[in-house]
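>>> coords please:
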Amino acid sequence: MTTPQRLDNASPVIAATSAAERFGVIARPDLTFTPAIARETEHLYERVKQFIPAFEWPVYAPYVHAINRIKKERGAVILAHNYQTPDIFHCVADIVGDSLQLARDATKVDSEIIIQCGVHFMAETSKLLNPEKTVLIPDGKAGCSLSESITGADVRLLKQRYPGVPVVTYVNTSADVKAETDICCTSSNVLAVIESLDSDTVLCIPDEYLAMNVAKQTKKKILTWKGHCEVHERFTAAELLAYKEADPTIEIIGHPECHPDVIAVCDFAGSTSGMINYVKDKRPARVLLVTECSMASNIQAEIKDVDFIKPCNLCPHMKRITLPKILDSLLFMTEEVLVDPAIAGRARLAVERMVNLKQ
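Alright, predicted model coming up:
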């Protein structure tokens, strides 16, 4: 496999707009923990009590209560990725899932306002699929090492270097990159996307490890790019084998953004949704999830009979999204995600081809 190198730098297309003028600003509510709030949020605390001590809940509950009330007033819907913390995932989110699920569900949203609890490329994807809706991200600095590893200019040069070779771009990229792409993919459908193309050679970018892992499942020649997820690239095969040696009963479930050597020692590898479904279906006694560690907590809240071992690698970008920032986003209609109209149409086409692909 050939691994071209990075050519220049990029920045996300996220900007403040007049969303506050269109929808108005709501005054900040009283965030005092009261007996009434305790009663109204009790059922939500039951979902997360194993992760949030009872003495801390009075800090969380007023935000949870305010967010759930104001999102109804706004007619807003909250989309949250599987890597969000349990207080967001289980207490305020309306739709949860991996990148592919969120991309598909974004097309079914009736609400005029979408709050994207994830990173900026996810918010851009929601905006591409909902150009007439207002898409907000609670923190515009919530980036992604994969997205920042490549630019649209890089892709244009790759297409000059490999003329006629179709470009499959991981959804973890900016709209500028998607605009130069034939079709997008996620970790759950990358093989299906590659196999759908009428070409013996495919550019699969920017995640090098995802491309290397899928290359073992297809006869097509896969050209890669040296982009990595800063969470998944930290896992090592030696680390996982040490867990296995300490307890051979542990089932190791990995994400394909990990190095192929890591995937080789896993009992199962798949997207975040695939990993969740594996645990729900197989119910292993003890499991180690080789991914962002908040996901293990989110699954554990629903599946009490599985013991999760957590080699806790956190995504610093996902963790920029917090309850206070979500509340501010709803109150002040910030930060709105915009995509340059000059690239939005082409980027949308690449995402829609992925979403509409029959699998």
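>>> Using CSV, write out the CA atom coordinates for the least confident helix or strand in the chain by mean pLDDT.
Among the helical and strand segments of the chain, the one scoring lowest on mean pLDDT, DSSP states H and E is helix 99-106, with a mean of 81. Output for helix 99-106, consisting of C-alpha atoms alone and laid out as CSV, is shown next (Å, rounded to 0.1, in the frame of the first residue of the first chain):
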residue,chain,number,x,y,z
SER,A,99,-21.1,8.6,12.9
LEU,A,100,-23.2,6.6,10.4
GLN,A,101,-26.3,6.4,12.6
LEU,A,102,-26.1,10.1,13.4
ALA,A,103,-25.7,11.0,9.7
ARG,A,104,-28.7,8.9,8.8
ASP,A,105,-30.8,10.1,11.7
ALA,A,106,-30.0,13.7,10.9
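>>> chain center to it: distance?
Mean-position distance between helix 99-106 and its chain equals 10 Å (C-alpha atoms, centre = their mean, to the nearest Å).
>>> what's that helix packed up against?
The helices and strands touching helix 99-106, judged by 3 or more C-beta pairs under 8 Å, 6 or more residues apart in numbering; DSSP states H and E, are strand 76-81, strand 95-97, helix 120-129, helix 341-355. Every residue, glycine included, has its C-beta placed from N, CA and C.
>>> Could you dump those into a markdown table and include mean pLDDT?
A markdown table is the format used below for these (pLDDT from 0 to 100):
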| stretch | mean pLDDT |
| --- | --- |
| strand 76-81 | 96 |
| strand 95-97 | 93 |
| helix 120-129 | 92 |
| helix 341-355 | 93 |
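>>> quick one, which of those is nearest to residue 161?
The closest of these to residue 161 is helix 341-355. By C-beta to C-beta, the value is 19.6 Å.
>>> Next, the angle from that closest one to helix 120-129.
With axes from the mean of the first three to the mean of the last three C-alpha atoms, to 10 degrees defining the directions, helix 341-355 sits at 90 degrees from helix 120-129.
>>> Please give the centre-to-centre distance between helix 341-355 and its chain.
Centroid separation between helix 341-355 and its chain, computed with C-alpha atoms, centre = their mean, is 18 Å.
>>> With stretch 351-359 instead?
Mean-position distance between stretch 351-359 and its chain equals 18 Å (C-alpha atoms, centre = their mean).
>>> Tabulate the CA atom coordinates of that stretch in CSV.
Taking Å, rounded to 0.1, in the frame of the first residue of the first chain, the C-alpha atoms of stretch 351-359 are listed here in CSV:
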residue,chain,number,x,y,z
VAL,A,351,-22.4,12.1,2.2
GLU,A,352,-25.7,11.3,0.5
ARG,A,353,-24.1,8.6,-1.6
MET,A,354,-22.9,6.9,1.6
VAL,A,355,-26.2,7.3,3.4
ASN,A,356,-28.2,6.0,0.5
LEU,A,357,-25.9,3.1,-0.3
LYS,A,358,-27.7,-0.2,-0.1
GLN,A,359,-26.0,-2.7,2.3
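>>> Contacts only, for the residue lying closest to residue 29 once chain neighbours are set aside.
For residue 29, ignoring the flanking residues on the chain, the nearest one in space by C-beta to C-beta, 6 or more residues apart in numbering is residue 66 at 4.8 Å. Neighbouring residues of residue 66 by C-beta atoms under 8 Å, 6 or more residues apart in numbering: 29, 31, 327.
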